[in-house]
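Chemist: Sequence and predicted structure below; questions after.
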Amino acid sequence: MALDELKQDLIETDNDMRSYLETSEEYLQLKVFKILMLSVTTFAQFAQPLFWRYSYYP
């Protein structure tokens, strides 16, 4: 009986660890995406006046 409970606890722990790792990976991907999008929009905001200065439109 005690071994069955220990086995069940280990199985639940394994499932919890896998779930945590999947969630952490998704969070990390979202965090990287957010940082990249912030970088792109910041660059676009600062680069926009440079492109306007050298445009050929009156």
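Modeler: Yes, it's here. No experiment lies behind these values; they were computed from the predicted model shown.

Chemist: For this structure, just list every one of the helices.
Modeler: Secondary structure of the chain (DSSP state H): helices at 2-53.

Chemist: which regions of it sit below the pLDDT cut-off?
Modeler: Counting by pLDDT under 70, the ranges of the chain that qualify are 50-58.

Chemist: could you redo the last one with a cut-off of 80?
Modeler: For the chain, residues meeting the criterion pLDDT under 80 lie at 1, 47-58.

Chemist: And for Gln45, the neighbour number?
Modeler: Gln45 has 9 neighbours, counted by other C-beta atoms under 10 Å. The C-beta positions use only the backbone N, C-alpha and C, and glycine is treated the same way.

Chemist: now do the one 3 residues further on
Modeler: Gln48 sits with 10 neighbouring residues when counted by other C-beta under 10 Å.

Chemist: ok, now how distant is Thr23 from Leu10?
Modeler: Per C-beta to C-beta, to the nearest Å, Thr23 is found 20 Å from Leu10.

Chemist: Neighbours of Thr23, how many?
Modeler: Thr23 has 10 neighbours, counted by other C-beta under 10 Å.

Chemist: That one: what's it in contact with?
Modeler: With C-beta atoms under 8 Å, 6 or more residues apart in numbering as the criterion, no residue contacts Thr23.

Chemist: Please tell me how far it sits from Asp16.
Modeler: 11 Å.

Chemist: Check Met1 too.
Modeler: Counting by C-beta to C-beta - Met1 and Asp16 are separated by 23 Å.

Chemist: I appreciate the help and will end here.
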